[in-house]
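coords please:
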Amino acid sequence: MADKPSSVEVYIAGFTGPQHASLVALRNALRAAIPDAHEKISYGMPAMSIRKNILYYAAWEKHVAVYGWLGADAAVLAPLKSHVSSKGTLKFPIDAELPIADIVNLALHIAERCR
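I've put the predicted structure just below:
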């Protein structure tokens with residue numbers, strides 16, 4: 001995606017295939033779980049926010065990534081630990097099922113600290 005997208009809808013519409021499907025599923029799950037969160041584009045990718053950003057997510061050629069979860073409790077992060085790629089980055093291979101319930105649980109944990 002060359003230009004900064006103007007909305008989450010525009011960002012997601014810029015993808016096809018498994019990236020698009022993963023983004024739609026993740027967005028829908030996050031919106032349902034955290035209805036008081038505001039969606040926005042931050043750093044060129046979708047972000048969920050309650051007074052401050054909860055987390056960001058993005059699609060890439062070979063993976064979907066979730067960013068901004070630093071400081072989460074170890075117990076909440078434990079199911080996702082094998083996906084830690086670098087400081088603050090979780091990467092999920094595009095050809096594997098996205099662990100949406102675990103990502104939502106992480107987002108809910110962070111959202112509570114933002115309220």
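
can you get me the start-to-end distance on stretch 62-71?
26 Å (C-alpha to C-alpha, to the nearest Å).

okay, buried residues for that stretch please.
63-69 (16 or more other C-beta atoms under 10 Å). C-beta: built from backbone N, CA, C; applies to glycine.

now stretch 95-104 - C-alpha only, CSV.
Extracted as CSV, the C-alpha positions of stretch 95-104 are listed here (Å, rounded to 0.1, in the frame of the first residue of the first chain):
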residue,chain,number,x,y,z
ASP,A,95,-1.2,-19.6,5.7
ALA,A,96,-2.2,-20.6,9.3
GLU,A,97,-5.3,-19.9,11.2
LEU,A,98,-5.2,-16.6,13.1
PRO,A,99,-5.6,-17.2,16.9
ILE,A,100,-8.3,-14.5,17.1
ALA,A,101,-9.6,-15.4,20.6
ASP,A,102,-6.1,-15.1,22.1
ILE,A,103,-5.5,-11.8,20.3
VAL,A,104,-8.9,-10.5,21.5
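
run the chain-centre distance for it.
Here the centre of stretch 95-104 is set off from its chain's centre by 10 Å, with C-alpha atoms, centre = their mean, to the nearest Å.
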